[in-house]
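[1] 3D model of this:
(one chain, ligands or ions: 1)
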Amino acid sequence: MRPLAIAHGGAAAPAGFRDGTERAARAAFDLLLAGGSALDAAVLGATLLEDDPRFNAGTGSNLRFDGRTIEMDASLMDSEGTFGAVIGLKRAKNPILVARDVTRTPHLMLSGEGAVLFARRMGHADYDPLTARAVEKHRRAIEKWKALREGAPATGEGDPHPGWLGCDPRLYWNFPEEFRAGDTIGVVARDSLGRFAVTNSTGGTALMLHGRVGDSPIFGAGLYAGPAGAVAATGEGEEIVRRLLCYEVYRRIEGGAPAEEACRAELERFPDRIAVGLIAADRNGAWGGSHREMPFSVVDAST
Ligand code: GLY
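    Here you go, the predicted structure:
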């Protein structure tokens, strides 16, 4: 089968960041050409996107509501049955590599402090993924949230989850400090043996409580891979989990729909105010799209 790699930089991320997704997809594709597995390629692509501070994953991850905390989720899956995820991981450079290490254990997922201690045990050094860009992005998200609560019209760009509009976070504040007050990366690869793999990594969405988990590490919601293809989702995690989005896309592909048709049909299940995007590969091709701007790149022998 012809190898192929597709990488995205998150629903609602600027399309101008496409050079980053192109670099990740190209590196994944080159590894596939050199005989690497779909899983190795998808992990490599995700690592490069985590290291690019423009994307909300690894270095550059979003801050939580308190403006101090960063908790990252990452996951991987392939058509051979491999699955591993970390949830709420703190202070690590490449969460996707920690998720890969989870696949060496009998478990599927590790979270919170256990995930951090596991990362250190596996040799992942203490690392602060905070960037000045993430601080500025958080400041804008808080301003936007306040404006929306005061009646400003939603624009769809950088809007917090609608659930926060009629909701006072002080009621649910679970950070150690007093109240002071979307997007993700993903890679899908298909190797020459026809195996599929998918990786996800994220700092979450805008405005999150401590411990909040989105779709990215959730099997069937933020990612799915099987013998017919692989799918990664980006956008408002709660909405993606409710619709078990990636599994539903996969089921359509398995039933014979091309990746584009399967993705478009599932994207239509989301109201326009919810940011969501997908990348997917089937046996014949690949597709990516979102109803927001979303940088993504497909690399195969024809590109
Ligand atoms: N899609 C990323 C998140 O909601 O956490």
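[2] C-alpha from now on. contacts and neighbour counts both.
    Will do.
[3] Close to the ligand: what parts of the protein are there?
    Residues of the chain that fall close to the ligand, judged by C-alpha under 6 Å from any ligand atom: Asp183, Thr184, Thr202, Gly204, Thr205, Gly214, Asp215, Ser216, Thr234, Gly235, Glu236, Gly237.
[4] ok, 5 Å please
    Within the chain, the positions near the ligand by C-alpha under 5 Å from any ligand atom are Gly204, Thr205, Gly214, Thr234, Gly235, Glu236, Gly237.
[5] Give me the phi and psi for the fifth one.
    So that's Gly235. Here the main-chain torsion angles of Gly235 (degrees, to the nearest 10) amount to phi 130, psi -160.
[6] all helices for the chain, in order.
    Listed in chain order, the helices found in the chain under DSSP state H are 18-33, 38-51, 95-102, 112-121, 132-149, 237-242, 245-254, 259-267.
[7] Run the angle between the second one and helix 18-33 for me.
    Pointing back at helix 38-51 there. 150 degrees (axes from the mean of the first three to the mean of the last three C-alpha atoms, to 10 degrees).
[8] thinking again about what came up before, pull out the buried members of the residues of the chain next to the ligand.
    For these, a burial check counting by 16 or more other C-alpha atoms under 10 Å picks out Gly204, Thr205, Gly214, Thr234, Gly235, Glu236, Gly237.
[9] I'd like to know how many residues surround Asp66.
    One way to gauge burial is a neighbour count; for Asp66, by other C-alpha atoms under 10 Å, it gives 21.
[10] Just the buried ones among the residues of the chain next to the ligand: which are in strands?
    Members of those lying in strands (criterion: DSSP state E): Thr234, Gly235.
[11] Adding pLDDT and distance to Leu48, write the buried ones among the residues of the chain next to the ligand out as CSV.
    Putting those into CSV (pLDDT from 0 to 100; distance: C-alpha to C-alpha, whole Å) gives the following:
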residue, pLDDT, distance to Leu48
Gly204, 92, 18
Thr205, 86, 20
Gly214, 95, 22
Thr234, 96, 17
Gly235, 93, 20
Glu236, 91, 23
Gly237, 94, 22
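[12] Contacts only, for the residue lying closest to Asp272 once chain neighbours are set aside.
    When the adjacent residues along the chain are set aside, Asp272 lies closest to His291, with 7.1 Å between them (C-alpha to C-alpha, 6 or more residues apart in numbering). Applying C-alpha atoms under 8 Å, 6 or more residues apart in numbering, we find His291 in contact with Ala11, Asp272, Ala275, Val276, Gly277.
[13] same question, Leu33
    Going by C-alpha under 8 Å, 6+ apart, Leu33 touches Pro3.
[14] 10 Å - rerun?
    The contact partners of Leu33, by C-alpha atoms under 10 Å, 6 or more residues apart in numbering, come to Arg2, Pro3, Leu4, Ala27, Ala41, Asp191, Ser192, Asp300, Ala301.
[15] Please report the distance of the nearest residue to the second one once chain neighbours are set aside from Ala232.
    Going back to what we said before, that points to Pro3. Once its chain neighbours are removed from consideration, Pro3 has its nearest residue in Asp191; the separation is 4.6 Å (C-alpha to C-alpha, 6+ apart). Counting by C-alpha to C-alpha, to the nearest Å, the separation of Asp191 from Ala232 is 17 Å.
[16] who's more crowded, these two?
    Set Asp191 next to Ala232 and count neighbours by other C-alpha under 10 Å: Ala232 wins out with 35 against 24.
[17] who touches the residue nearest to the more buried one when sequence neighbours are not counted in this structure?
    For Ala232, ignoring the flanking residues on the chain, the nearest one in space by C-alpha to C-alpha, 6+ apart is Leu223 at 4.5 Å. Contacts here follow C-alpha under 10 Å, 6+ apart; on that basis Leu223 touches 75-78, 186, 188, 197-200, 215-217, 230-234, 244-247, 249-250, 278-280.
[18] Just the buried subset of these, please.
    75-78, 186, 188, 197-200, 215-217, 230-234, 244-247, 249-250, 278-280.
[19] Return the subset of the residues you listed lying in strands.
    Going by DSSP E, the strands hold 75-78, 186, 188, 197-200, 230-234, 278-280 from the buried ones among the contacts of Leu223.
[20] what ranges of the stretch 151-300 of the chain fall below the confidence cut-off?
    Low-confidence segments of the stretch 151-300 of the chain, defined by pLDDT under 70, span residues 154-159, 177-182.
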